[in-house]
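Enquirer: coords please:
(one chain, ligands or ions: 3)
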Amino acid sequence: MISSPLMTVMVDAVRKASRGLRRDYGEIENLQVSRKGPGDFVSAADRKAEEVLRDALTKARPGYGMVLEESGIVEGTDKSHVWHVDPLDGTSNFLHGIPHFAISVGLEREGQVVAGVIYDPVKDELFVAERGKGAYLNNRRLRVSGRVDMADALSAYGTPYLGRGNHPRLLREVAAVMAVSGGTRRMGSAALDLAYVACGRLDLYWERDLQTWDIAAGIILVREAGGFVTSADGASEPLAAKSVACGNEGLHRELVAILRKVNG
Ligand code: IPD
Ligand code: CA
Ligand code: CA
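Expert: Residues are numbered from 1 along each chain as shown. Ligands and ions are numbered 1, 2, ... in the order given. The predicted structure follows:
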């Protein structure tokens, strides 16, 4: 585990917000079968979790700016620090009673992510990373997978929501990766996709049309676990591009080459 004042602040905030989220998730099964469905209930759970995070982080670091999924941008007096907060990543899974979602908090300093926490409250898995201090899952130090052969690699990708993104392009990319790799997954939480690459469960992950709160924490996790993360076109910083391609050095290079070839 990482023991630093910053990590304590982040982990405390995330754990505090997770209590309500876990409780609310327990209600989902009942709402699932009701006619109205759990939609409004989930939005309320999401907003409540964000409020807890916002309060805790503001109390601990009053001057920092924030980019929050639900309440937008909060300008800070300290212009070099910005929190990127997703109170519930994997909303669609949560809504459908699929136990795969997380809280994600990343800290950006001068354009670079320097710390990240991703917490899966159902599995009680806490992923943390801080620049220069490594990445951990609970108390275990993380390392990206060592696979070298694309034929053995398990890749995750993200599909854009209805009405957004470029569906035909994604289908072409998935077809190309499927044709040469060991398997593909659409898991439904960008934050956990990145965390799973960091801990070697997944070998590769790529997605476009993301937001900074989806990926800030995960970017530092993958890097501190020895992996490579770039934008999906392989050329730029993922946080600015709001897209990602990641994996170990060799497989990341191969993935980017496949995506570039598909997109001509
Ligand atoms: C979504 C999830 C999903 C990704 C979407 C995100 P949300 O976040 O991370 O895996 O494909 O692009 O918007 O809406 O569940 O917070
Ligand atoms: Ca969200
Ligand atoms: Ca999200």
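Enquirer: Show me which strand runs longest in the chain.
Expert: With DSSP state E applied, the strand covering the greatest number of residues in the chain is identified as strand 78-89.
Enquirer: what are the phi and psi values for the residue lying closest to residue 207 once chain neighbours are set aside?
Expert: Nearest residue to residue 207 in three dimensions, chain neighbours excluded: residue 158, at 3.3 Å (CB to CB, 6 or more residues apart in numbering). C-betas here are computed from N, CA, C, even on glycine. The phi/psi pair for residue 158 (degrees, to the nearest 10) reads phi -120, psi 140.
Enquirer: how far away is residue 158 from residue 180?
Expert: Residue 158 is 19 Å from residue 180, where distance means CB to CB, to the nearest Å.
Enquirer: Compare these two (neighbour count), which wins?
Expert: Between residue 158 and residue 180, counting by other CB atoms under 10 Å, residue 158 is the more crowded of the two (22 against 13).
Enquirer: And that one, what's its pLDDT?
Expert: We have a pLDDT of 97 for residue 158.
Enquirer: One more: residue 33?
Expert: 68.
Enquirer: Identify each buried residue in the helix or strand encompassing residue 255, please.
Expert: Secondary structure from DSSP states H and E places residue 255 in helix 249-262. Of the residues in helix 249-262, 251, 252, 254, 255, 256, 258, 259 count as buried by neighbour count, 16 or more other CB atoms under 10 Å.
Enquirer: surely the fourth one meets residue 245?
Expert: Yes: assessed by CB atoms under 8 Å, residue 255 is found in contact with residue 245 at 5.5 Å.
Enquirer: which neighbours do the two share?
Expert: 204, 206 (CB atoms under 8 Å, 6 or more residues apart in numbering).
Enquirer: what about residue 210, is that helix, strand or coil?
Expert: coil (DSSP: H, G, I helix; E, B strand; the rest coil).
Enquirer: Please enumerate residues in contact with stretch 238-257?
Expert: If you take CB under 8 Å, 6+ apart as the criterion, stretch 238-257 is touched by 108, 111, 113, 144-148, 150, 153, 155, 177, 190, 194, 197, 203-212, 215-216, 218-219, 222, 226-234, 259.
Enquirer: show me which of these neighbour ligand 1.
Expert: Contacts with ligand 1 within those, as defined by CB under 6 Å from any ligand atom: 190, 207, 210.
Enquirer: neighbours of the residue lying closest to the first one once chain neighbours are set aside, just the number please.
Expert: Think residue 190. Leaving out its chain neighbours, the residue that sits closest to residue 190 by CB to CB, 6+ apart is residue 214, at 4.1 Å. If you count neighbours by other CB under 10 Å, residue 214 ends up with 24.
Enquirer: pLDDT score assigned to residue 214?
Expert: On the pLDDT scale, residue 214 gets 98.
Enquirer: Could you tell me which residues of the stretch 1-150 of the chain lie near ligand 2?
Expert: 69, 86, 88 (CB under 5 Å from the ion).
Enquirer: before we move on, the earlier item: a markdown table for the buried residues of helix 249-262, including pLDDT and distance to ligand 2?
Expert: A markdown table is the format used below for these (pLDDT from 0 to 100; distance: CB to the ion, whole Å):
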| residue | pLDDT | distance to ligand 2 |
| --- | --- | --- |
| 251 | 98 | 28 |
| 252 | 98 | 26 |
| 254 | 98 | 31 |
| 255 | 98 | 25 |
| 256 | 98 | 27 |
| 258 | 98 | 29 |
| 259 | 98 | 25 |
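Enquirer: Perfect, I'm done here.
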